[in-house]
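In: this is a predicted model, with the sequence first.
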Amino acid sequence: MVDPRAWAVEPGYHDTAGRWREAPDATVQAVLGAMGALEPGRPHPDEDPSLLATVRLDHPLPTLPSGVVHLEDGGELRLADGVLPPDVPLGYHRLAPDDGPERRLIVSPGRCPDAHGSRWGWAAQLYATRSRASWGMGDLADLRTLTEWGRRFGAELTLLNPLHAGPPGPHPQPSPYFPSSRCFANPLYLRIEDIPGADRLDGLDRLAAAGRALNAERRIDRDRVWALKSEALERLFAETSGSPEVAAGLDAYLAERGEALVGFATFNALAERHGLPWQAWPAELRHPDAPAVRAFAAGDEGRRRVRYHAWLQWQLD
């Protein structure tokens, strides 16, 4: 019996409440089988160094047995004389010698690329990167300001928290690590004043003043931020979506993003009506291809809400 931990395979995990959850034995065995651990007489790689070759490109390249290197990307490299070319790709490859057992071939740069260079940049939690113009939390306009400011001082990158869309509703998920979708973005990060037509929105000054007042609070209150932004966005959509230019642009965006966007927007529209989780919805609405879902999206109100959620993603893009 193979000990999975000897092959760095945990037979379970601790859930978010700290309870240990055993993985199904079939799953553990499948992982071990994929690693070759179940082959008769197969020693652990640490016990048989001949099964592993590690090459560092910042060192002289060793001579290996002649054979074929099956590259990680699916390509092949023939070693007629056992000499690796200096441009061998980085990665986890397989070396099949002409004579002898197959071995893993790990090609490493040896050090972090540009480790001794001068490249630098910001690591920022965008929601906390707020300015005096923010509505209680950092947004995409603040990101633009940060990157433009950093570029003047030589910054070449910005590392951000995930900006994925959270579950819909009046109480936004506070953690960026619990998204509803990783294909789409979170409308909390919109700068309302940057949306076309916002300058003609009656009452925008009142909403903006209330939003900026939230900057005085140390804690980010996403519920209040979203209440203000949602009011502005709903009114902006109602006032602009009927224009031929906006309608044509949204139609083009929907065609570009395809069924993924339609499905995401439909889910959000259904969640507005039936709440979350979706498992509590009427049974006929629990599958995206169900006739009742298509009928909802084709109805007047459903179609309007689907287009609203698609419009939000268009503005984010």
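Out: Everything's here; your move. Numbering: from 1, shown residues only.
In: and the nearest residue to Arg78 once chain neighbours are set aside, what is it in contact with?
Out: Computed as Cβ to Cβ, 6 or more residues apart in numbering, the closest residue to Arg78 that is not its neighbour in sequence is Val68, at 5.7 Å. All C-beta atoms are positioned from the backbone trio N, CA, C, and that covers glycine. By Cβ atoms under 8 Å, 6 or more residues apart in numbering, the contact list for Val68 reads 76-79, 95-96.
In: same deal with Arg218?
Out: Contacts of Arg218 by Cβ under 8 Å, 6+ apart: none found.
In: now it: phi and psi?
Out: Backbone geometry at Arg218, expressed as degrees, to the nearest 10, gives phi -70, psi -30.
In: SS state for the residue lying closest to Leu159 once chain neighbours are set aside?
Out: Spatially, and ignoring its direct neighbours in sequence, Leu159 is nearest to Ala123 (4.3 Å; Cβ to Cβ, 6+ apart). Three-state secondary structure (criterion: DSSP: H, G, I helix; E, B strand; the rest coil) places Ala123 in strand.
In: secondary structure element for the residue nearest the centre of the chain?
Out: Centroid check for the chain by Cα atoms, centre = their mean gives Arg182 as the closest residue, at 4.7 Å. Element membership of Arg182, judged by DSSP states H and E, is strand 181-185.
In: for the record, mean pLDDT for that strand?
Out: Averaged across strand 181-185, the pLDDT comes to 96.
In: can you list the strands that that strand pairs with?
Out: Using DSSP bridges, strand 181-185 pairs in its sheet with strand 164-165 (antiparallel).
In: mind checking the pLDDT average for the partner strand?
Out: Strand 164-165 carries an average pLDDT of 97.
In: any buried residues in the helix ranked longest in the chain, and which?
Out: Counting residues, the longest helix found in the chain (DSSP state H) is helix 244-274. Within helix 244-274, the residues that count as buried by 16 or more other Cβ atoms under 10 Å are 246, 250, 253-254, 257, 261-271.
In: just the angle between that helix and strand 181-185, please?
Out: If you take axes from the mean of the first three to the mean of the last three Cα atoms, to 10 degrees, helix 244-274 sits at 140 degrees to strand 181-185.
In: from Gly150, how far out is the closest residue to Cys183 other than its chain neighbours?
Out: Once flanking residues are discounted, Cys183 sits nearest to Ala260: 5.6 Å by Cβ to Cβ, 6+ apart. From Ala260 over to Gly150 the distance is 33 Å, taken as Cβ to Cβ, to the nearest Å.
In: next: Thr266.
Out: With Cβ to Cβ as the criterion, Thr266 and Gly150 are 39 Å apart.
In: shaky segments in the stretch 201-317 of the chain?
Out: The model of the stretch 201-317 of the chain has no residue with pLDDT under 70.
In: helices of that one, start to end?
Out: Along the stretch 201-317 of the chain, counting by DSSP state H, counting those that start in this stretch, helices occupy 204-213, 222-240, 244-274, 291-298, 300-316.
In: could you dump these into a markdown table and include distance to Leu159?
Out: Listed next are those as a markdown table, based on distance: least, Cβ to Cβ, whole Å:
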| stretch | distance to Leu159 |
| --- | --- |
| helix 204-213 | 26 |
| helix 222-240 | 22 |
| helix 244-274 | 26 |
| helix 291-298 | 38 |
| helix 300-316 | 20 |
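In: quick one on the thing from earlier: quick check, nearest of the buried residues of helix 244-274 to Leu228?
Out: Closest approach between the buried residues of helix 244-274 and Leu228, by Cβ to Cβ: Asn268, at 19.1 Å.
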